[in-house]
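Colleague: coordinates only, sequence not included:
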């Protein structure tokens, strides 16, 4: 006997904030163009590294927007949850691109150590300040939505890293202006590379948790088990599974053993309503499935497997 309160989500967590992502994409692409030109004119590796990082961020936001659109496609017999996992795959691509960018920046910076070219600090500083201002605006746009979606959070973290990268370029430009120490540009590039890696790792870890169907963060399985057992008529509960399809779409299923007397006329409906209400108050999901098992049947199965 089962019960399913599944409702398809027309708009995923990322899709709800599509306009924010479009705005950030436009801002980021504009700054990338300015920083690439600035890096070519000034000869700054740090500025070029920051531009490369922002370009990867723009690609990540574009992938997230594309995935959000794909995720709205309806479910089918072949893909019963539709394409909602596309958002998670986009976040995975984001993380991998960040790691590659960090390695490339670090490799080029090491190659230039000891032979740093002359840098035009005025152009370098102006482009870095423009990038910092643009990143601050993007952070404000994404701040309210970054807790709801892996992709929006990924974009938020990338913009935060860009802001720190812009600060590193600003500091390097000032150091070169004041002291003439040209290697500050190369050192700033290495700093940017090391700032990228931790963010990429955290995003990759969260994506892997979703793909491995780990229990969502903040969900206390034991507490849910206790509340299910507190429902009148429930004898025991087993085979509890809680996982995430994509950001904002958690799923729950369980086998619930119910006393035979509680499964009389409309008894099953009352038990199921209480279970769904209980679950809704402790685990926010519209995708929940309960398989009700009469206690006598469960005891019979237990004896057979003894």
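Modeller: Here it is on my side, so go on. What you are looking at is a predicted structure, and each value in this text was computed from that prediction instead of being measured. Numbering: from 1, shown residues only.
Colleague: identify the residues contacting the closest residue in space to residue 260 that isn't next to it in sequence.
Modeller: Once flanking residues are discounted, residue 260 sits nearest to residue 294: 5.2 Å by C-beta to C-beta, 6 or more residues apart in numbering. Just so you know, the C-beta spots here come from the backbone N, C-alpha and C atoms, and that holds for glycine as well. The contact partners of residue 294, by C-beta atoms under 8 Å, 6 or more residues apart in numbering, come to 257-258, 260, 263.
Colleague: any idea which helix or strand comes after the helix or strand where residue 277 lies?
Modeller: Residue 277 is part of helix 267-282 when elements are defined by DSSP states H and E. Sequence order places strand 287-294 as the next helix or strand after helix 267-282, per DSSP H and E.
Colleague: buried ones in that following strand, by neighbour count?
Modeller: Buried residues in strand 287-294, defined by neighbour count with 16 or more other C-beta atoms under 10 Å: 287-288, 290, 292-294.
Colleague: how close does residue 26 sit to residue 135?
Modeller: According to C-beta to C-beta, to the nearest Å, residue 26 stands 14 Å off from residue 135.
Colleague: same check on residue 65?
Modeller: From residue 65 to residue 135 the distance is 19 Å (C-beta to C-beta).
Colleague: do the same with residue 107
Modeller: 25 Å.
Colleague: in this protein, which spans are helices?
Modeller: Secondary structure of the chain (DSSP state H): helices located at 13-16, 18-42, 45-71, 86-112, 121-142, 150-179, 183-211, 221-229, 267-282, 295-304.
Colleague: who are the packing partners of the longest one?
Modeller: In terms of contact count using 3 or more C-beta pairs under 8 Å, 6 or more residues apart in numbering; DSSP states H and E, helix 150-179 is assigned the packing partners helix 13-16, helix 18-42, helix 45-71, helix 86-112, helix 121-142, helix 183-211.
Colleague: distance between that helix and the chain's centre?
Modeller: Using C-alpha atoms, centre = their mean, to the nearest Å, the mean C-alpha position of helix 150-179 is found 21 Å from that of the whole chain.
Colleague: tell me the angle of that helix relative to helix 45-71?
Modeller: Orientation check (axes from the mean of the first three to the mean of the last three C-alpha atoms, to 10 degrees): helix 150-179 against helix 45-71 gives 170 degrees.
Colleague: shaky segments in this protein?
Modeller: Within the chain, the segments meeting pLDDT under 70 span 1-17, 67-68, 71, 116, 144-151, 247-248, 265, 281-286, 297-306.
Colleague: what's the longest strand in it?
Modeller: The longest strand of the chain (DSSP state E) is strand 234-246.
Colleague: apart from its neighbours in sequence, what residue is nearest residue 75?
Modeller: Closest to residue 75 by C-beta to C-beta, 6+ apart is residue 82, at 4.1 Å.
Colleague: angles on the backbone of the one you found, please.
Modeller: Main-chain torsions, residue 82, degrees, to the nearest 10: phi 70, psi -140.
Colleague: just checking, it touches residue 249?
Modeller: No - applying C-beta atoms under 8 Å, one finds residue 82 not in contact with residue 249, separated by 10.0 Å.
Colleague: returning to what we had before: more neighbours: which of residue 65 and residue 135?
Modeller: Using other C-beta atoms under 10 Å, the more surrounded residue of residue 65 and residue 135 is residue 135, with 27 against 19.
Colleague: for the more buried one, give its distance to residue 226.
Modeller: Counting by C-beta to C-beta - residue 135 and residue 226 are separated by 46 Å.
Colleague: fine by me, we can end here.
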